[in-house]
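# fold the following and give me the result.
(one chain, ligands or ions: 1)
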Amino acid sequence: MKSIHFRTRLLIAFWLILIPAVCIPAFYIFKTLEAEIVRETKTNAFNQLALTHWMVKQKAPFHGPQPMDQWITRLGEKLNYRITLVKSTGRVIADSAVAFEQLPDMDNHIYREEIMRARKEGIAQSIRYSTTLKRKLIYAAKPIMLPEHPESIIRVAIPMSHIESQLTFYANRFWACLGAIFILTLVASVILARRLENPIDQVIQATKEIGEGNLDKRLEIDRGPEFLQLSTCINQMADKIQHNIEKITEQKQELEAVFEGMQEGVMLLDKNGRIKSTNRALTTIAQCVPSCIGYRPMEVFLNPEIQTACDDVIAGKQPKSLRIPIDEETIYEVNLVKIPDGGAVVVFHDISELVRLEKVRQDFVANVSHELRTPLTSIKGYAETLMDKNLRASTDAETFIKTIVKNANQMANIVNDLLELTRQQQKQQESFETVPTDAAECFSNAWEICLPMAEEKNIHVDNQLASPLVVSAEADALTQVFRNLLDNAIRHSPDHTQVTVSGLDNSDHFLFALRDEGPGIAQRHQKRVFERFYRVDKERSRASGGTGLGLAICRHAVRSMGGEIWVQSPPDGRTKGSVFYFTLNKAERENP
Ligand code: ADP
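I've put the predicted structure just below:
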C-alpha cells in the first residue's frame with residue numbers, strides 16, 4: 001500500500017466509501033420497490049378474482065361444459081389473464097388458456113398450492129411456475145358455487161411478465177443513474193485528487209531541493225489556508241536552516257582559519273585511531289601530504305611511542321604528553337586529548353628552541369662555574385697558605401699575593417665580560433640604536449687601552465684606517481669589538497710581530513680586517529671560537545688572561561649593528577696568523 005501513488009490511494013479510499021454509500025441504499029430502494037409492485041399485483045389479482053367470480057356467478061347457469069369453457073375463454077381474452085374452473089375433484093372443467101378438447105389431458109389440479117389453500121382457507125394466492133403455460137404466474141383462487149358444479153374453484157392467473165418488465169425498466173433506470181453518478185463522481189474525484197496532489201507534489205519537490213542544499217528555494221501555494229500555512233511553515237524552516245548553515249559555515253571557516261594558522265601541528269584521530277584531518281603545520285612536521293588521511297599515526301611518524309600514546313588516549317586512559325625528537329635539531333612536545341566523538345586531538349608543539357635554550361643555560365651555568373672555580377681554588381689555596389705566620393714573612397709571600405691578585409683579576413675579567421655580554425644581549429632585545437659613527441676613532445680608543453700590552457710585547461700595530469670612516473654603529477659597542485679583537489691579536493701573537501688593521505669600502509658597507517702573525521686557528525675551531533667560553537687551548541688562554549668570552553661579545557655586538565663577523569686562518573697568501581673580518585653598514589648620507 002505504501003508504494004501506491006498518493007492519488008490512487010485517495011481514489012481507492014474515496015471509492016471504498018462511495019460504492020457502499022450509493023449501492024446499499026439503492027439496492028434497498030430497489031428491493032422495496034420490487035416488493036411493493038408484487039404486493040400491488042397480488043392485491044390486483046384478488047380484485048380480478050373477485051370480479052371474475054362475480055361475473056361467472058352472474059352468467060351461470062351455463063348450457064353444458066363447452067359453452068361454459070367458451071364463455072370463460074372469451075372472458076379471459078377480454079380481461080387479459082388466464083381463468084380456470086376446477087372441480088372439487090381437481091379436474092379442470094374450463095380454462096381460458098387451454099382448448100376445450102385438451103381439458104381432459106390436463107393434470108389434476110387438486111394439489112396445486114392455491115387450490116388446496118382456497119379449499120381450506122376460502123381464498124388463496126401463490127406465485128409459481130406454470131407447467132401448463134411454461135411461465136411464472138400469480139395465482140389467486142376461491143371456491144365458487146355453480147348450479148352444475150356446486151363445489152368448484154375459480155382461479156385467475158396473471159403473468160408475472162409485466163411485473164418483471166416493470167422491474168427491469170426500474171432496474172435499467174436505476175443502473176443508468178448509478179452509472180451516471182459513478183462517472184460523474186469518477187471525474188470529480190480525479191480532478192479533486194489532482195488538485196490535492198499538485199500542491200503536495202510542490203511541497204515534496206521544494207523540501208527535496210532544500211534538503212539537497214538549494215537553500216534559496218521558496219514555496220508559493222495559494223490553494224486554501226491550509227496550504228498557505230504549510231508553505232509559510234516550509235519557507236520559515238528554509239530561512240532558519242539557511243541562517244543556521246550560514247552561521248555554522250562562518251564558524252567552521254573561522255575554526256579552519258585558526259586550525260590552519262596554528263604554528264602547532266594538529267592531528268585529529270577518529271575513534272578507530274585513524275587520522276581524520278591535519279593542519280598545514282603538521283604536514284611540514286610529518287612531511288606528509290594530505291594522503292596521510294586514513295592512516296594510523298605509526299605509519300606516518302614511524303614512531304611507536306606516538307602510536308601507543310594515541311591508542312591509550314582513545315582507550316580512555318589519562319591523557320599525557322611526550323617529547324618526540326624528529327631529527328637532531330628538532331624536538332616536539334606531543335599533547336593528546338580525547339574528544340567526545342571517541343577520537344582524539346594530537347597537538348605537536350615545537351620545543352626545539354626551548355630545549356636548546358635550556359641546554360645553553362645549563363652549559364652556561366656549568367661553564368661559568370668551571371671558569372670561576374679555577375681562579376677561586378687558586379686564590380683559596382694561596383690565601384690559606386698565607387695564613388701561616390712564618391710563611392707570611394718569607395719571600396714567597398709576595399709571589400703568592402701576586403698570584404692571588406692575578407686570579408682575582410681573572411675572575412673580575414670574567415665577571416666584567418659576562419656583564420658586557422648580558423648588557424649587549426639586553427640591548428639586542430631592545431634593538432641597538434645605531435648612529436653614524438667614525439670607526440677610525442673607535443679603533444683609536446681601543447688602541448689606547450691595548451697600547452700598554454702591545455708595548456710590553458713589542459708588537460707594532462699598523463693602522464690603515466683613514467678617518468673619518470663613518471659607519472652605522474654604536475660607538476661603545478664598536479670600540480669594544482676593536483678592543484677585543486686587538487686584545488686577542490696581541491695576546492696570542494709572539495713578541496716583535498705586527499698587527500694590521502684595515503677597512504675596505506664595499507659599496508653599501510665597510511669590511512674591516514684585523515690581521516696578526518700569531519699561531520692562527522685551526523679550521524675545525526674557526527666557527528666555534530665565537531661561542532661563549534670556547535677556547536682552542538684552554539690553559540694558554542687562561543694563562544694569557546683570556547676569559548673565553550671576547551669573541552662571543554664581538555659577534556653579539558656586530559650582529560646587533562647589522563653586520564657579520566668571521567675568521568680566516570691563515571690569511572690569504574700567508575702560512576701563519578689569522579685575520580678577523582667584520583662588516584658594518586655605511587651611515588646614511590644625510591647624517592655625515
Ligand atoms: P679568550 O679570552 O680566551 O681569548 P676569545 O673569545 O676572545 O676568548 O677567543 C676564543 C678563543 O679563540 C681563544 O681562547 C683562542 O684560543 C682563540 N683566538 C682568538 N683570537 C685569536 C687570535 N688572534 N689568534 C689565535 N687564536 C685566537
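# for G316, helix, strand, or coil?
coil (DSSP: H, G, I helix; E, B strand; the rest coil).
# contacting residues around it?
K338 (C-beta atoms under 8 Å, 6 or more residues apart in numbering). For every residue, glycine as well, the C-beta is placed using N, CA and C.
# repeat that with 10 Å
The contact partners of G316, taken as C-beta atoms under 10 Å, 6 or more residues apart in numbering, are K338, G342.
# again with F259
F259 neighbours (C-beta under 10 Å, 6+ apart): K252, V266, L268, S277, T278, N279, R280, A281.
# let's see which of those residues end up in strands.
V266, L268, S277, T278 (DSSP state E).
# give me the buried subset of those residues.
When these are checked for burial by 16 or more other C-beta atoms under 10 Å, the buried set is V266, L268, T278.
# so how far is the top helix by length along the chain off the chain centroid?
What stands out as the longest helix in the chain, according to DSSP state H, is helix 6-59. Relative to the mean C-alpha coordinate of its chain, helix 6-59 is positioned 73 Å out (C-alpha atoms, centre = their mean, to the nearest Å).
# what lies in contact with the helix or strand that that helix is followed by?
Sequence-wise, the next helix or strand downstream of helix 6-59 (DSSP states H and E) is helix 65-79. Here helix 65-79 makes contact (C-beta under 10 Å, 6+ apart) with 48, 51-52, 55-56, 59-64, 81-85, 92-101, 103, 146, 148-149, 154, 156-158.
# circling back: between the ones in strands among the contacts of F259, which is nearest the ligand?
Lowest distance from the ligand to these (C-beta to the nearest ligand atom) belongs to V266, with 43.4 Å.
# so for stretch 28-37, mean pLDDT?
Mean per-residue pLDDT for stretch 28-37: 85.
# about what we covered before: and the ones in strands among the contacts of F259, which is closest to L178?
Taking C-beta to C-beta as the measure, L178 lies nearest S277 of those, at 71.3 Å.
# just how off-centre is the helix or strand harbouring E246 within its chain?
Per DSSP H and E, E246 falls inside helix 225-261. Relative to the mean C-alpha coordinate of its chain, helix 225-261 is positioned 14 Å out (C-alpha atoms, centre = their mean).
# ok, now stretch 481-491?
Distance, centroid of stretch 481-491 to centroid of chain: 68 Å (C-alpha atoms, centre = their mean).
# before we move on, back to that, which of the ones in strands among the contacts of F259 sit farthest apart?
V266 and S277 (8.5 Å).
# before we move on, the earlier item: so the longest helix of the chain versus helix 65-79, what angle?
Relative orientation of helix 6-59 and helix 65-79, computed by axes from the mean of the first three to the mean of the last three C-alpha atoms, to 10 degrees: 140 degrees.
# which strands or helices does helix 6-59 pack on?
With contacts taken as 3 or more C-beta pairs under 10 Å, 6 or more residues apart in numbering; DSSP states H and E, helix 6-59 sits against helix 65-79, strand 82-86, helix 113-121, strand 124-130, strand 135-144, strand 152-159, helix 161-211.
# quick one: the shortest one to helix 6-59, angle?
In other words, strand 82-86. Computed by the same axes, to 10 degrees, the angle between strand 82-86 and helix 6-59 is 50 degrees.
# off-centre distance for strand 82-86?
Taking mean C-alpha positions (C-alpha atoms, centre = their mean), strand 82-86 and its chain are 100 Å apart.
# what does the third one give?
Here helix 113-121 shows a centroid-to-chain-centroid distance of 96 Å under the convention C-alpha atoms, centre = their mean.
# contacts for it next, please.
45, 49, 84, 86, 88, 90, 108-110, 112, 123-128, 138-144, 151, 153-157.
# filter the residues you listed down to the buried ones, ChimeraX style.
The buried subset of the contacts of helix 113-121, as determined by 16+ other C-beta under 10 Å, is captured in ChimeraX by this line:
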select :45,49,84,86,90,109,112,124,125,126,127,138,139,140,141,142,143,144,153,154,155,156,157
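# P571 in helix, strand or coil?
Applying three-state DSSP: P571 is coil.
# what's the neighbour count on it?
When neighbours are defined as other C-beta atoms under 10 Å, P571 has 20 of them.
# excluding its backbone neighbours, what's nearest it?
In space, and not counting its chain neighbours, P571 is closest to V579: 4.1 Å by C-beta to C-beta, 6 or more residues apart in numbering.
# so the helix or strand hosting that neighbour, near the ligand or not?
Here V579, judged by DSSP H and E, is contained in strand 578-585. Yes: counting by C-beta under 6 Å from any ligand atom, the ligand has neighbours in strand 578-585: S578.
# report the contact partners of the residue nearest to V536 when sequence neighbours are not counted.
Of all residues not flanking V536 in the chain, H525 sits nearest, at 4.9 Å (C-beta to C-beta, 6+ apart). By C-beta under 10 Å, 6+ apart, the residues touching H525 are Y534, R535, V536, D537, V567, S569.
# next, format those as CSV and append pLDDT, neighbour count and distance to P468.
Output for those, formatted as CSV (pLDDT from 0 to 100; neighbours: other C-beta atoms under 10 Å; distance: C-beta to C-beta, whole Å):
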residue, pLDDT, neighbour count, distance to P468
Y534, 86, 17, 35
R535, 84, 18, 36
V536, 85, 16, 36
D537, 80, 13, 39
V567, 96, 20, 27
S569, 91, 20, 31
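# near the ligand, list only the ones from those.
Answer for the contacts of H525 near the ligand (C-beta under 6 Å from any ligand atom): Y534, R535, V536, D537.
# which of the helices and strands packed on helix 6-59 is buried the deepest?
Of all the helices and strands packed on helix 6-59, strand 82-86 has the most neighbours on average by mean count of other C-beta atoms under 10 Å, namely a mean of 25.
# what residues are up against the residue in the stretch 251-400 of the chain that the ligand sits nearest to?
The nearest approach of the stretch 251-400 of the chain to the ligand comes at E371, 10.0 Å away (C-beta to the nearest ligand atom). Neighbouring residues of E371 by C-beta under 10 Å, 6+ apart: 410-411, 413-415, 417-418, 532-533, 535, 538, 542, 547-549.
# picking that back up, the ligand next: which of the buried ones among the ones in strands among the contacts of F259 are close?
Of those, not one also sits near the ligand (C-beta under 6 Å from any ligand atom).
# between these, which is nearest I490?
Among these, and counting by C-beta to C-beta, the member closest to I490 is V266, at 56.7 Å.
# quick one: residues contacting the residue lying closest to that closest one once chain neighbours are set aside.
Excluding its sequence neighbours, the residue lying closest to V266 (C-beta to C-beta, 6+ apart) is N279, at 4.7 Å. Shown in contact with N279 (C-beta under 10 Å, 6+ apart): 256, 258-268, 285, 347-348.
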